[in-house]
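> Dropping the sequence and predicted coords here.
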Amino acid sequence: MIIVFGSINVDLVFNVRKLPTIGETVLCPGYFKAAGGKGLNQAVAAARGRPDAQLPVYMVGSTGNDEFGDIALNELKTAGVKIGNVVRGSDPTACAAVAVDENGENQIIVGSGANTTLNAENLPDSLLTKDTVLVLQMEVPVESNCKVIRRAKKKGARIILNLAPAAPFPEELISSLDLLIVNEIEASMMANHNNLDTTSSRAAAKAIATEYSITTIVSLGAEGASAFDSNNEWQIGALPITPIDTVGAGDSFVGNLAIGMALDKQLPEMLHRASVGAGLSCLTEGAAPSMPNSATIEKQMGDLLPARKISG
C-alpha cells in the first residue's frame, strides 16, 4: 500500500503574461480553483498512475470544515484515494496563490492553515507494515514527519521523503529513508547543512547518498533527473513536450516513484515511468487535475529513452 502523509491545499491559479517582480502588480483575465498541496497531489498521482486499482493509496492529512476542504476531499475521492484518515478541524483548509506565466513557470505562496495541525497520531500503526510505502513532504510540521518516520522504520515500512519545500531536516533520520527526492536547490541546501560536497546539485545528491547509504534522486527540470546510491549513478531524460503548467510536475514524479517502489520495481524502471508521468502533468492546467492515469503514461513510455547507468 501507499500512504501519503502530508499537505492538502486548494490552489487559486492565476495565468499571467509574466511573473510579478517585487512591488509590481500584474493583472490577468481571471483565475480558477483546483485541489493541490504536495501531499494531495502525490496521492492523486499515485492513485491515477497505478496500473492496478487493487494497490491501495491512503491520504493522511488535515483540512478545515469549509468549502476548500470539500473541494480537496472530492478530488481525492474521485481519484480513488482512501480519505478515512483525513481530519477536519476548525483551522481553515490551506490555500495557495499560484501565478503561472506564458512559459509554464510559476510562483507560489501558501497559507498553511490546517496543514500546521497535522500530527503523527493521525496515522494509525495498523497502516504501517513491511508492505507500506510511506511518502512525506515538508509542507506539514517537521516534528510530525519525524515521529511518523521513526514509527514507520520500526514497522519495516519503506520511506520516501520529498524535501520540498526546502527546509532543514534532522541528520539522524536521513539514514532511515529509503529514497530522498530533491530538486537542485534542495540537494545543495541539505548537503551544505550537513557539511557535504556542494560543488553542484549532482555532487550534493551523490554525497548525500554515499554519506547516509540511501538512494537520492535530484530532479533537473527539463533535463530530467539523476539518481544515486552508494555505488551507482543513473540518468533519465525528460519527456519532449511544450509545457503549459509545470506546477504539479514534481508531485507527479514522486507519486509515480511511489508506485514503482510499492510494486518492487527496479530503480531504472521507476525513473522511466516517473519521468513520463511528470512530463505529462505539464500538459494540463492545475496541479491535482493534471495528474495522468496509468493508460496515458503507458502509451507515452516509448517517447522517452529508459534510464541509463552512468557509473557503478
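Structure's in. What do you need? Since we're looking at a predicted model, the values are computed, not measured.

> State the helix or strand in which the residue nearest to the spatial centre of the chain lies.
Residue closest to the mean C-alpha point of the chain, counted by CA atoms, centre = their mean, is Asp251 at 3.4 Å. Assessed by DSSP states H and E, Asp251 sits inside helix 249-262.

> what pLDDT, on average, does that helix get?
In this model, helix 249-262 has a mean pLDDT of 98.

> who does it touch, helix- and strand-wise?
Where contact means 3 or more CB pairs under 8 Å, 6 or more residues apart in numbering; DSSP states H and E, helix 249-262 is packed against strand 2-5, helix 38-49, strand 133-136, strand 158-162, strand 179-183, strand 215-219, helix 267-281. (C-beta placed from N, C-alpha, C; glycine too.)

> from those, which stretch is densest packed?
helix 38-49 (a mean of 31; mean count of other CB atoms under 10 Å).

> From the contact counts, what lies against the following helix or strand past it?
The helix or strand immediately downstream of helix 38-49 is strand 57-64, counting by DSSP H and E. Applying 3+ CB pairs under 8 Å, 6+ apart, one finds that strand 57-64 contacts strand 2-5, helix 38-49, helix 67-79, strand 82-89.

> Report the angle between strand 57-64 and strand 82-89.
With axes from the mean of the first three to the mean of the last three CA atoms, to 10 degrees defining the directions, strand 57-64 sits at 20 degrees from strand 82-89.

> Output strand 57-64 in PDB with nothing but the alpha carbons.
In PDB, the C-alpha atoms belonging to strand 57-64 read as follows (Å, rounded to 0.1, in the frame of the first residue of the first chain):
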ATOM      1  CA  VAL A  57      -3.500   4.600  -1.800                       C
ATOM      2  CA  TYR A  58      -4.200   6.400   1.500                       C
ATOM      3  CA  MET A  59      -4.100  10.100   2.300                       C
ATOM      4  CA  VAL A  60      -3.300  11.300   5.900                       C
ATOM      5  CA  GLY A  61      -3.800  15.000   6.300                       C
ATOM      6  CA  SER A  62      -5.800  17.800   7.800                       C
ATOM      7  CA  THR A  63      -8.400  20.200   6.300                       C
ATOM      8  CA  GLY A  64     -10.900  22.700   7.600                       C
END
